[in-house]
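Peer 1: Would you be able to build a 3D model of this:
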Amino acid sequence: MKIEPNPQRHLLLLLFWTLIGLGLRFLNLTEKPLWTDEFSTIVFSLGNSFLDVPLDQVISGNELLQPLQPNPDASITTVTQRLFHESNHPPLYFLLCHFWLKLFSVNASGWVNSWAVRSLPALIGAFSIPLTYLVSWIGFRSRVVAQTATALMAVSPFGIYLAQEARHYTLPIIWILISLSCLMLAARYLRDRRILPLWLCIIWIVINGLGIATHYFFAFMLGAAAIVIAILGLVQSWRERGIWYPSLHWRRIWIVAAGTAATGLIWWPVLQNIQEGELTRWIYQGDRSGLAWLDPIGQAIAGWITMLYLLPIQAESQVISIASGIVLVLLVVWTVPKLLRGLRVQQLNREARLAVSVLATFAVAAIVLFFSVTYFFEADLTSAFRYNFVYFPAVVLLIGAGLASSWDVALQIAQAPLANVPSVLLNLLRVSNRKTVVVVWLLSLIGALTVVTNLGYQKTHRPDLVAADIQQRSDNPTLVAIPYRSHGQTGRLMGIALALQQDDLQPDQVGQTTGLNDGPLFLLAHDTQNPRSVFTTLRRSLNQLPRPLNLWLINFHEVEEQPLNQLLKQNQCEAETKSRSVDGYRYRLYRCTRLANSRTGQTDRTEADRIEVDRTETDRLEDE
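Peer 2: Model (predicted):
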């Protein structure tokens, strides 16, 4: 690849990166289990509701998975209404997914399959590859920078991870890339004291509106862009010793700001109705003390590393995991100085200098906003790496620019004024050559393969492991129970039920004495303000089922331990295994035998009846 233009060669190379990125995003696309958030995407995109799943009663796996069946009567209005009523996300991606799923047939059980729902974000993620080339060219006016950034976007482990999630994160990345190109063009117009074209203002406003309609965290992107514009204005004002905002070429910026604000205010009534509840409670961390205050910093750094590198840190072998972590640290120490030196070289070019300044300021501003929310509002945005999509495109563009300087340093230095380059820097630059770019790209490719082989960025929840344990011990009728607070718990049980169905669990293995041939039974015990509601529901359900019975309690560590132990004792349920934990689940198996006809049994039943009476009275008072 040469510095001088060669359109045909660059076009073929761009196609090559796109095909590699497309293949990686679709490789092993269905190997990982669906988890709670992905079930939300399916259910709401179909126009269905989690509220249709019965609570406080024993149901079969088919009843639990009913919302995964397409609804022929659902419309875009239904999708929007369900989403606003039960979730906290804007509707654009779900509406797009609604029409996308209509292109695919259901599986043998009548449910939407994981390939259909995951293929949409994978395809959108692949589209970000050629778009990265275009945005890089707009910002840097360099084909080498554009090709390097594109190659990195194709194999970025973080990008692969987002693309294989049946969620809406790859779509806002598209809007962010386009919005960044508008930002860099606007910075160039402002630097040259030229008026922004009206077409650029309109595109910028529309893209920002689409971004807000896709994910509310796009607001962080707008905030960071506003900081960049403000800094550009202050610098220009300081240099010219004048007031910058009344200038004619700045008035179009205010038009863009007003138009973007208008597209955001459309969603204000919806945001007003969003309640802080179980769907967002996990992100709030209000009990930090000591070294725990440093956790967000460590989490953020770990997320940044995966944008370029990843090794099998989630391998089954602990030795491999530890070794991978050490190697990742060494790679970062080796890479960062080279990137910084490369970005210094880019500063020698007038156009590239502006692009680097804009992107670096944008990325830093977005990160500062994230940490501000994390520390001042106690909402730990760093705990979920997926939220880094806000500044991920800017980071890839910066890394591409830094590495591109190493592709052919001699020619770039020859084109730059040598008087501005210290001799020490020249010596360092000669160490960074094309081999560095190749090595970094290959290491990033290894990170991408780590993701698609499930050795890194495993799903947030692992229902497949729980299902495998249940299947292994399914020698009696089985009940799987979980305390219900939101559709997050419904999704957790759906993951287990779907994994059991995919494992072809035969009816004669479980449930043969219940008269139901749908495999294990499930229970969503509504955890209300009445602390006894979960126990009353569990007791009633146990009394309805024949013995012997396998009882699997999922995440019951969140309820009171003493009443739970008393209830299990009353129903002759003894723990067979210790409490086990996997991502998203803490579960335990109990073997329940037939209730004894004894004085103790009568006493237990009397106590249970008293609990039921107390619960009924409490519910009556709450209704009044």
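Peer 1: Domains of the protein: list them as residue ranges, please.
Peer 2: Listed by automatic domain parsing, the domain ranges of the chain are 59-86+123-271+293-452, 463-623.
Peer 1: Give me the distance between the closest residue to Pro91 other than its chain neighbours and Gly519.
Peer 2: In space, and not counting its chain neighbours, Pro91 is closest to Thr80: 4.8 Å by CB to CB, 6 or more residues apart in numbering. Every C-beta, even on glycine, is put in place using the N, C-alpha and C of the backbone. Counting by CB to CB, to the nearest Å, the gap from Thr80 to Gly519 is 34 Å.
Peer 1: Following the helix or strand that contains Val373 in sequence, what is the next regular element?
Peer 2: For Val373, the host element (DSSP states H and E) is helix 350-376. Using DSSP H and E, the next helix or strand after helix 350-376 towards the C-terminus is helix 392-404.
Peer 1: Which strands or helices does that next one pack on?
Peer 2: helix 114-140, helix 143-155, helix 157-163, helix 170-191, helix 318-346, helix 350-376, helix 434-452 (3 or more CB pairs under 8 Å, 6 or more residues apart in numbering; DSSP states H and E).
Peer 1: Rebuild those helices as CSV, extending it with mean pLDDT, distance to Thr536 and mean neighbour count.
Peer 2: Listed next are the helices and strands packed on helix 392-404 as CSV, based on pLDDT from 0 to 100; distance: least, CB to CB, whole Å; neighbours: other CB atoms under 10 Å:
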stretch, mean pLDDT, distance to Thr536, mean neighbour count
helix 114-140, 97, 36, 23
helix 143-155, 96, 54, 27
helix 157-163, 98, 42, 28
helix 170-191, 96, 44, 23
helix 318-346, 94, 43, 16
helix 350-376, 94, 39, 19
helix 434-452, 94, 44, 19
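Peer 1: where does Trp282 land on pLDDT?
Peer 2: pLDDT recorded at Trp282 is 68.
Peer 1: actually Gln602, not the one I wrote
Peer 2: 42.
Peer 1: three-state assignment of the residue nearest to Pro91?
Peer 2: Judged by DSSP: H, G, I helix; E, B strand; the rest coil, the three-state class of Thr80 is helix.
Peer 1: His98 versus that one, what's the distance?
Peer 2: Relative to His98, Thr80 is positioned 10 Å away (CB to CB).
Peer 1: which of these two has more neighbours?
Peer 2: Taking other CB atoms under 10 Å, Thr80 and His98 do not tie; His98 has more neighbours (21 against 18).
Peer 1: Phi first, then psi, for Ile59.
Peer 2: phi -130, psi 160 (degrees, to the nearest 10).
Peer 1: neighbours around it, how many?
Peer 2: Ile59 is flanked by 20 other residues according to other CB under 10 Å.
Peer 1: Repeat that for Trp268.
Peer 2: The burial count for Trp268: 8, using other CB under 10 Å.
Peer 1: now Lys102
Peer 2: 10.
Peer 1: what's the answer for Trp293, then?
Peer 2: Other residues near Trp293 come to 11 when the count uses other CB under 10 Å.
Peer 1: so where does the closest residue to Leu198 other than its chain neighbours fall, helix or strand?
Peer 2: Spatially, and ignoring its direct neighbours in sequence, Leu198 is nearest to Arg252 (7.6 Å; CB to CB, 6+ apart). In the assignment (DSSP H and E), Arg252 maps to helix 248-265.
Peer 1: Quick one: mean pLDDT over that helix.
Peer 2: Mean pLDDT, computed over helix 248-265, is 90.
Peer 1: Packing partners of it?
Peer 2: helix 170-191, helix 198-214, helix 218-240.
Peer 1: For Arg492, find the nearest of the ones you listed.
Peer 2: Of all the helices and strands packed on helix 248-265, helix 170-191 sits nearest to Arg492, with 24.4 Å by CB to CB.
Peer 1: Which pLDDT does the model give the residue positioned nearest the centre of the chain?
Peer 2: The centroid of the chain falls nearest to Arg386 when counting by CA atoms, centre = their mean (3.6 Å). At Arg386, the pLDDT value in this model is 94.
Peer 1: Let me see the contact set for it.
Peer 2: Arg386 sits next to 161-162, 165, 167, 169 when contact means CB atoms under 8 Å, 6 or more residues apart in numbering.
Peer 1: same thing but at 6 Å, please
Peer 2: Applying CB atoms under 6 Å, 6 or more residues apart in numbering to Arg386 gives the contacts Tyr169.
Peer 1: can you give me the helices in the stretch 501-624 of the chain?
Peer 2: Using DSSP state H, counting those that start in this stretch, the helices assigned to the stretch 501-624 of the chain run over residues 533-544, 561-570, 599-623.
Peer 1: before we move on, back to that, minimum distance to Tyr484: which of the helices and strands packed on helix 248-265 has it?
Peer 2: helix 198-214 (29.3 Å).
Peer 1: helices or strands next to the closest one in the packing?
Peer 2: helix 92-101, helix 170-191, helix 248-265 (3 or more CB pairs under 6 Å, 6 or more residues apart in numbering; DSSP states H and E).
Peer 1: Redo those as a markdown table? Include distance to Gly125.
Peer 2: Shown next, in a markdown table, are the helices and strands packed on helix 198-214 (distance: least, CB to CB, whole Å):
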| stretch | distance to Gly125 |
| --- | --- |
| helix 92-101 | 13 |
| helix 170-191 | 4 |
| helix 248-265 | 24 |
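Peer 1: Out of these, which is closest to Thr537?
Peer 2: For the helices and strands packed on helix 198-214, the distance to Thr537 is smallest for helix 92-101, at 31.6 Å, taking CB to CB.
Peer 1: what angle sits between the closest one and helix 114-140?
Peer 2: 130 degrees (axes from the mean of the first three to the mean of the last three CA atoms, to 10 degrees).
Peer 1: Contacts only, for Thr490.
Peer 2: The contact partners of Thr490, by CB under 6 Å, 6+ apart, come to 50, 53.
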